[in-house]
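A.B. asks: would you be able to build a 3D model of this:
(2 chains)
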Amino acid sequence: MRALPLVLLLVLGAACESADGAGPEVRVGSKKFTESVILGELVTQVAKDAGARASHRRELGGTTVLWEALRRGELDVYPEYTGTLRQELLVGRALPDDAALRKALEDEGLRMSASLGFNNTYALGMKEAEAERLGIRRISDLKSHPELRVGFSNEFMQRGDGWPALRDAYGLPQRDVRGLDHDLAYRGLESGAIQLTDLYSTDAEIAAYGLRVLEDDRHHFPAYDAVLLYRADLETRAPRAVSALRRLEGSLTEAQMVKLNARARLEHVPEAQVASDFLQASLGLTTEVRTDGRASRVWQRTREHLFLVGLSLVAAIALAIPLGVVAARRPRLGQGVLGLSSVIQTVPSLALLVFMIPLLGIGSKPAIAALFLYSLLPIVRNTAAGLQGIPWEVRESAEALGLPSGARLWRIELPMAAASILAGIQTAAVINVGTATLGALVGAGGYGQPILTGIRLDDVGLILEGAVPAAVLALLVSGLFEAVARVLVPRGLRG
Amino acid sequence: MFLLEGVSKCFGAAQALHPLNLGLPKGATTVLIGPSGCGKSTLLRLLNGLLRPDTGRVLFDGKPLPEDEDALLAVRRRVGYALQGGGLFPHLTGARNVTLMARHLRWPEARIRERLGRLMDLTRLPAEALERLPGELSGGQRQRVALMRALMLDPDVLLLDEPLGALDPLVRHDLQTDLRGIFERLGKTVVLVTHDLAEAAYLGDGIVLMRDGQVVQQGTLDDLEARPAEPFVTRFIQAQRPLPLRRSG
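C.D. replies: The predicted model follows:
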């Protein structure tokens, strides 16, 4: 019981995070891969430099999440690729050139910057020395080298616009073509087992392995030009920030982007630092990079996590206990209530989060809503079971005494069901602590954030920075409810 | 005190009570007796509205039991009820069990204490037993607490469903003696369910013998012995095995 005010304090503390400074607000988003995060950092720092209050929601889970958030006005700007816009977001529309694309976006209330300067598309790569020796610069140069040993990723072998289409378009003669895992391809190049593979044109590995990206001289691969997508209203709300952002247009070549990706992915330099160094070197902007120590990072994540878990759990308790009472008193209705909450439980957490986005946008709201829904079943079921487990002679005695229904519930039935109800809340809370790590995918923060970053950067230390506190929190929460049970469950009912 | 007019009750397909008419006199102890499943407990639960009759009506003190839930609660406060095992609330001490309803009705503390004292004298329950939880009491003590709880609001009627059912013979004997004294001192209307004829004869002014959801005969034990309504009455009386006579040596 004594811990409850503390939890509330933490929850409230996390709720009122202060937004410092004046100036128009610019909310930047990024996808959960390194290049997008770096671009998001660039945009954020440039906007800050232009006097805006810029915030960066990094590593959001998927293109649709960002697209929806931008259209709903929960984000103002995020980095996107023209190919993604054509192939995924505006699929099925005839958009022959960038002007048509711009027009289609305008109908959605969105604007698109000019290309940032690089095209992150499918590409073919070889070791620099090998390409030099054979005199290969362009894909069409491959025609005169039918003996090349080729290893493509399985996906590239199978895609309609992958190897079969490329071969036909260029009339390539290679016969020794193997499908293999993408990560093995780099090692194969290194050992000389293969000489040519597919890659993305800004992969960090291009720099690390010293690869030459062959020019797609017949423009076979669709263009994935990097652009900034922003809301039309940003131009009136933050004109200075928008014109500052446009300074990024044409500022990055493929080679430069590869270097930035490599610094972040392979050298583990924080994205914010990578972005800041680039801005200093190319635009002459001096931006401030605040790097938090591990303790303050964990503390920040803890507050976010507790906020998600605390609020969703309190709301779930408030609804689930009354539902459990109804379920116990009206068995027919109870079947329905339990059935419905079981169905919710079967929806995969990621899917539930994504369902919530059109309704609630991104950030903590959809995460809290999803956690709230997940918490209902254990509490409803344990409340109903606890009430139904009360011996009939006790229930009948309470009725025969002349106690009104409300008093019977409050003085007899709920105290007798307390142990079961608390066990249900405990289950819900522990599951909640674990599931809340997925909240990072929709921008809710919490322990999921370092886990997500750690997976992206293949950094076990970062993964543990999220996973260990999450496990500790789950144990603490479990212990807390056991202590609460010791106080709340009447002595006569303890086993 | 109670008048049942054409009352019947079904549970699913089973006819627990066939339509019956019955009057239970005021200020006397009536014992409902009969073999298991004869409908005596069902009949008792119809008297305080724990069950509603399918047909007919139950009159309490000349008035039909109210349909309205609040009015029915008011009736129940005039009708004490205790059942086998006590049905005590396991999370409350004996005293809290007894005084729960009085506290809910916001009786002044002094009145509660005074009433509790009288009931302790009446049921001969030691004060320290009242401070214990039901799980820490003996079967006989639990039954005494249940009786105190039923009597707390000084009801007009006391309904008891096999109150001595699960007790060992010595405790049972003590409690029978005490119960008879209590009934005599209070002069309340008592309706008691049992399957033990000796207990019925010892505690009851009148007996209602039941079988298969029907009243076979109502009267004193003498009536039942001398003028049985049907052979079952005699069979039931004779089924109570007397103690074997000690062989003279």
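A.B. asks: use CA for all of it now, contacts and neighbours both
C.D. replies: Noted.
A.B. asks: pull the distance from stretch A:488-495 to the chain's centre.
C.D. replies: Distance, stretch centre to chain centre, for stretch A:488-495: 44 Å (CA atoms, centre = their mean, to the nearest Å).
A.B. asks: contacts for that stretch, please.
C.D. replies: For stretch A:488-495, the surrounding residues in contact (CA atoms under 8 Å, 6 or more residues apart in numbering or on different chains) are A:415-416, A:418-419, B:90-92, B:133-135.
A.B. asks: average pLDDT for that stretch, rounded please.
C.D. replies: In this model, stretch A:488-495 carries a mean pLDDT of 77.
A.B. asks: ok, longest helix in chain B?
C.D. replies: helix B:169-186 (DSSP state H).
A.B. asks: what helices and strands are in contact with it?
C.D. replies: The criterion is 3 or more CA pairs under 8 Å, 6 or more residues apart in numbering or on different chains; DSSP states H and E, and the helices and strands that helix B:169-186 contacts are helix B:109-123, helix B:139-151, helix B:197-203.
A.B. asks: so which of the contacts of stretch A:488-495 is the closest to B:Leu160?
C.D. replies: B:Pro134 (18.8 Å; CA to CA).
A.B. asks: share the number of residues neighbouring that closest one, please.
C.D. replies: Look at B:Pro134: counted by other CA atoms under 10 Å in any protein chain shown, it has 24 neighbours.
A.B. asks: that one and B:Gln141, how far apart?
C.D. replies: 9 Å (CA to CA, to the nearest Å).
A.B. asks: before we move on, back to that, tell me which of the helices and strands packed on helix B:169-186 is the most buried.
C.D. replies: helix B:139-151 (a mean of 25; mean count of other CA atoms under 10 Å in any protein chain shown).
A.B. asks: which ones are touching residue 200?
C.D. replies: Going with chain A. Per CA under 8 Å, 6+ apart, neighbours of A:Tyr200: A:120-123.
A.B. asks: that's the wrong chain, I meant chain B
C.D. replies: Going by CA under 8 Å, 6+ apart, the list of residues near B:Ala200 reads B:31, B:33, B:194, B:207.
A.B. asks: I'd say A:Ile317 and A:Ile425 touch.
C.D. replies: Yes. Contact criterion CA atoms under 8 Å: A:Ile317 and A:Ile425 qualify, at 7.3 Å.
A.B. asks: which of these two has more neighbours?
C.D. replies: The neighbour count for A:Ile317 versus A:Ile425, taken as other CA under 10 Å, is higher for A:Ile425 (27 against 20).
A.B. asks: wasn't that one part of a helix?
C.D. replies: Yes. The assignment for A:Ile425 is a helix, going by DSSP: H, G, I helix; E, B strand; the rest coil.
A.B. asks: contacting residues for it?
C.D. replies: Residues in contact with A:Ile425 (CA under 8 Å, 6+ apart) are A:317, A:375, A:378-379, A:481.
A.B. asks: pLDDT and neighbour count added to the contacts of A:Tyr200, as JSON lines?
C.D. replies: Output for these, formatted as JSON lines (pLDDT from 0 to 100; neighbours: other CA atoms under 10 Å in any protein chain shown):
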{"residue": "A:Asn120", "pLDDT": "92", "neighbour count": "23"}
{"residue": "A:Thr121", "pLDDT": "90", "neighbour count": "19"}
{"residue": "A:Tyr122", "pLDDT": "88", "neighbour count": "21"}
{"residue": "A:Ala123", "pLDDT": "90", "neighbour count": "18"}
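A.B. asks: these in strands, which ones?
C.D. replies: Secondary structure defined by DSSP state E assigns A:122-123 of the contacts of A:Tyr200 to strands.
A.B. asks: any idea how far B:Val191 is from the most centrally placed residue in chain B?
C.D. replies: In chain B, the centroid-proximal residue (CA atoms, centre = their mean) is B:Leu160; its distance is 1.5 Å. Applying CA to CA, the value for B:Leu160 to B:Val191 is 6 Å.
A.B. asks: next one: A:Gly324
C.D. replies: Here A:Gly324 is placed at a distance of 37 Å from B:Val191 (CA to CA).
A.B. asks: which of the two has more neighbours?
C.D. replies: The neighbour count for A:Gly324 versus B:Val191, taken as other CA under 10 Å, is higher for A:Gly324 (27 against 24).
A.B. asks: the more buried one contacts A:Ile379, doesn't it?
C.D. replies: Yes. A:Gly324 is within contact range of A:Ile379, at 7.4 Å (criterion: CA under 8 Å).
A.B. asks: A:Leu180: what's it in contact with?
C.D. replies: A:Leu180 makes contact with A:151-154 under the criterion CA under 8 Å, 6+ apart.
A.B. asks: same check on A:Tyr170?
C.D. replies: Per CA under 8 Å, 6+ apart, neighbours of A:Tyr170: A:139-140, A:143, A:218.
A.B. asks: of the residues you listed, buried ones?
C.D. replies: A:139-140, A:143 (16 or more other CA atoms under 10 Å in any protein chain shown).
A.B. asks: between those residues, which is nearest A:Lys365?
C.D. replies: Nearest to A:Lys365 among the buried ones among the contacts of A:Tyr170, counting by CA to CA, is A:Ile139 at 48.6 Å.
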